[in-house]
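**Q** Structure for this input, please:
(2 chains)
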Amino acid sequence: MKFIPLIWSGIWRKKGRTWVMLIQLILTFILFGLLQAVVAGIQQSVNRIPADLLVVYSRVQAGSRIPLSLRTQIAAIEGVREICVQNTLPATYQNARQKLSVLATDGNWISLSRVFVAPQEQIAALVRLRTGALVSEDLARKYGWKIGQNIQLESPILQENGAGAWSFDVVGMFKLRDGESDNTDFIVVNNDYVDGARRSFERGGVQAYYISVSDPSKAKMIAGAVDDLSMNSDHETKTESMRDKTAAQVESLGDLNFLVRIIVGSSLFALFVSTIALMAQGIGERRSELATLKALGFSDLLVFWLLVCESLAICIVSAAVGLSLANWMIVLARNLMSGNLMTANVVAAGMALSVLLAAAAAALPAWRGKTLRVAEALSRR
Amino acid sequence: MEFVKQVCQLTGLGLTRSLRSRASMTSMIFCIGCAVAILIVMFSMDTGLKATTLKNIRSDRAFVVAAGSRILALSAISRDKLATMEGARGIASGAGPGKLFAPIVTVMADVERRRGGGRIAVPVIGVGPAYHAVYPELKLVRGRLFQPGVHEVIVGRAATRRVVGAELGATITLKDVQWLVVGEFEQNGGSAEQAIVTDAETLMSAFRIRVFNAAAMLVDTADGGLGALKADLQANPDLQVNVKSEQEVLNDEIRSVSGPLNFVSSVVVTFMLLGAALAAVNAMFSVIDARGREIATLRAIGFSDGRILIAVILEMTVLVIPGAVLGAMLAFVLCSDSNVELLGRGIPMLVTAPLMWNGIFVALCVGLLGGIFPALRAVKRSVADALGER
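**A** From the prediction side, this is the model:
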């Protein structure tokens, strides 16, 4: 404890140099934080998906629809626990610039996806009221929607009477299970209502089915059974584990991890070299001071630790500042990325790196400080 | 003249002094080198992407895509629509009976990666019979063309190196079906070399696809050219298609990848350069500080502040050069002949001479701007103080 003032004065011995070193370290840790957070965020988005969730979509062409009539057949397959449909309609509210999506599905979608939550009685209200809608809390806040309010949306998907205006009654709100706002910009409505009201030739199709299975280890078998239902028809389906599908998309990002490692590695290496150089120089200039400390009775080891503590303090402080600045930038860029990116792992890795960097950079110069000969250092001009 | 001579002498004197400070010089070389290397590596992807994509561009080649689709992969056109289009005015006739009009369907196939294992997506292009006439620069270097109806493919030179089982005579599994590799082609280093090419109908039945993505064609300038073709096809409300020149199509393709790529590169490079600049400035500060008495002596015997200022800035700019050159060379070695898999495609990394010059030039600017601070410090101290210092 009593050495803190000594360490403090050692750090600020040359103000300009310390500031430059701090800024340099902070910049590196911002870069580290940003890149690692993106990689971690991508991995996290895969892990968040439950293993028992399968998605069924058209094998024929991406985006083409499969018949609603498959629903009862799929639900009858052994091992299928729950099923819901998905139809997404683009829509706007009040003016063409306020875009949102309408997810036409079933009442059990919220519980099935497990990414979002809503109060039980509000989900029940959606099932009861044909024109009901669960809106995301983000949208409710943005447009000031209240439960019980009727909202009018405009969509290019027309109704039977040719109108593009759709009316829904807000019966509840849902939010991300993790609690953090995510710019969720869609509302959940009943597919029965939307399918019944749209133009007759467009009825009876869905973009995808989501199914949950009772035993994730049998997911492959069940997926095969679902695809067999439509084999050799003109609407063949493809069933995949939701997690595998996302993992494949992540894999297609390819060498992102590799690039991040090159960049972070080389910037840390450059920083390492320059920190060693700076520390070595500082200690070289302070030979006579260090010798005085030793002459006053400080042990060799104590001098070594004093010097290591100086570099630790600088590195840890700049890692903390750099990582929090990176976090702040990510929050600003929320529109581009989603989810909680600055995870505890990233922070822990950053702090560990800073300690390693400090120790590695300080070891050699501090060793020279430790082995310094008092008489020699004091006599040298 | 006298001024230039003096500044040169001062710079030379400074250089001989600063080269003795090994710690500062090492740190300068490493930091500037790493920043320049990363700058070149990051932008080599964009350079490689643009160079290979635009390599074989032809002004008389055009595409029809579905209206509203910006990139080919998201466009869908049915078989019967394509059949009506083939008769349109403006499409060139080939040596044979048909027009130079080739429907194209592209799928991404999941294959095993040669380097480092893992799986990557590789484009498999299914083409109509006229394709080779529409793309005359596509040359078989080994083997023969695929035959329609059987599972045979030809593979681009770059794809052969990326994918396991893509060499001549081997079989490759695409969508649970074994395909025999019967040929290997080049396109003067163009982007088609990243792909596997086969017969459209065979591919569509194997992948159970019912629609094409687009069609490529050569236009006949004598028969009205692109203008006539556009007027003919876009005016037909049943077709709902756009006619685009190859230039337009490729620009859109590049933009979809190049935009995010360059954004990320710029952010990363900015941080690296700032960090390197600070390290270099710091190293220079200590070099100048160590020479306090010498500089004071020079000023005492009559060298003006302006000359010393310029000499220090020049000195720093020169000191940046070895790091920059080493960094550029390192990037050249790292990137030569390598591909990164990014955003679902293989992006060749291409380090060109202009790119290397740009990297070195940016480093020189860093030296020039960064040199201002130590230079100011050198001339700000009072001569008496600096001389009195031990």
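**Q** For the nearest residue to B:K244 once chain neighbours are set aside, grab phi and psi.
**A** Distances taken as Cβ to Cβ, 6 or more residues apart in numbering or on different chains place B:F63 nearest to B:K244, at 5.3 Å, with adjacent residues excluded. Where C-beta positions appear, they are placed from N, C-alpha and C, glycine not excepted. Phi and psi for B:F63, reported as degrees, to the nearest 10, are phi -130, psi 150.
**Q** Which pLDDT value goes with B:F63?
**A** Here the pLDDT value assigned to B:F63 is 91.
**Q** before we move on, what about B:E315?
**A** 90.
**Q** quick one: it and chain A, what's the gap?
**A** Here B:E315 is placed at a distance of 18 Å from chain A (Cβ to the nearest Cβ, to the nearest Å).
**Q** next one: B:V105
**A** From B:V105 to chain A the distance is 10 Å (Cβ to the nearest Cβ).
**Q** Disregarding flanking residues, what is the spatial nearest neighbour of A:A280?
**A** Distances taken as Cβ to Cβ, 6+ apart place A:P365 nearest to A:A280, at 4.3 Å, with adjacent residues excluded.
**Q** I'd assumed A:E285 was in contact with that neighbour.
**A** No. If you go by Cβ atoms under 8 Å, A:P365 and A:E285 don't touch, sitting 11.3 Å apart.
**Q** can you tell me the average pLDDT over the helix or strand harbouring the residue nearest to A:A280?
**A** According to DSSP states H and E, A:P365 maps onto helix A:344-370. Mean per-residue pLDDT for helix A:344-370: 82.
**Q** now it: how far from the chain's centre is it?
**A** 28 Å (Cα atoms, centre = their mean, to the nearest Å).
**Q** buried sites along it?
**A** A:346-347, A:349-351, A:353-354, A:357-358, A:361-363, A:365-366, A:368-370 (16 or more other Cβ atoms under 10 Å in any protein chain shown).
**Q** What is the neighbour count of A:R65?
**A** Residues lying near A:R65 (other Cβ atoms under 10 Å in any protein chain shown) number 16.
**Q** swap that for A:G284, sorry
**A** Neighbours around A:G284, by other Cβ under 10 Å: 14.
**Q** How about the one 4 residues further on?
**A** The burial metric for A:S288, expressed as a neighbour count using other Cβ under 10 Å, is 14.
**Q** what's the very next helix or strand once past the helix holding A:P365 in contact with?
**A** Sequence-wise, the next helix or strand downstream of helix A:344-370 (DSSP H and E) is helix A:374-379. Outside helix A:374-379, the residues within contact range by Cβ atoms under 8 Å, 6 or more residues apart in numbering or on different chains are A:287-288, A:290-292, A:294-295.
**Q** just stretch B:337-356 next, same as before
**A** A:252-256, A:258-259, B:40-41, B:43-45, B:47-49, B:51-52, B:108, B:113, B:120-123, B:158-159, B:161-162, B:194, B:257, B:260-261, B:328, B:331-332, B:335-336.
**Q** what's the span of it from first residue to last?
**A** Stretch B:337-356 has an end-to-end distance of 16 Å (criterion: Cα to Cα, to the nearest Å).
**Q** check contacts around the nearest residue to A:I23 once chain neighbours are set aside.
**A** Nearest-residue entry for A:I23: B:L278, 5.7 Å, with adjacent residues in sequence omitted and distances by Cβ to Cβ, 6+ apart. By Cβ under 8 Å, 6+ apart, B:L278 lies in contact with A:20, A:23-24, A:27.
**Q** just to revisit the earlier point, can you add pLDDT and secondary structure and give the contacts of helix A:374-379 back as TSV?
**A** Converted to TSV, the contacts of helix A:374-379 look like this (pLDDT from 0 to 100; DSSP: H, G, I helix; E, B strand; the rest coil):
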residue	pLDDT	secondary structure
A:R287	79	helix
A:S288	80	helix
A:L290	82	helix
A:A291	83	helix
A:T292	84	helix
A:K294	83	helix
A:A295	84	helix
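**Q** Could you pick out the buried ones from those?
**A** A:287, A:290-291, A:294.
**Q** Pick the one among the residues you listed closest to chain B.
**A** Checking the buried ones among the contacts of helix A:374-379 against chain B by Cβ to the nearest Cβ gives A:R287 as the nearest, at 13.0 Å.
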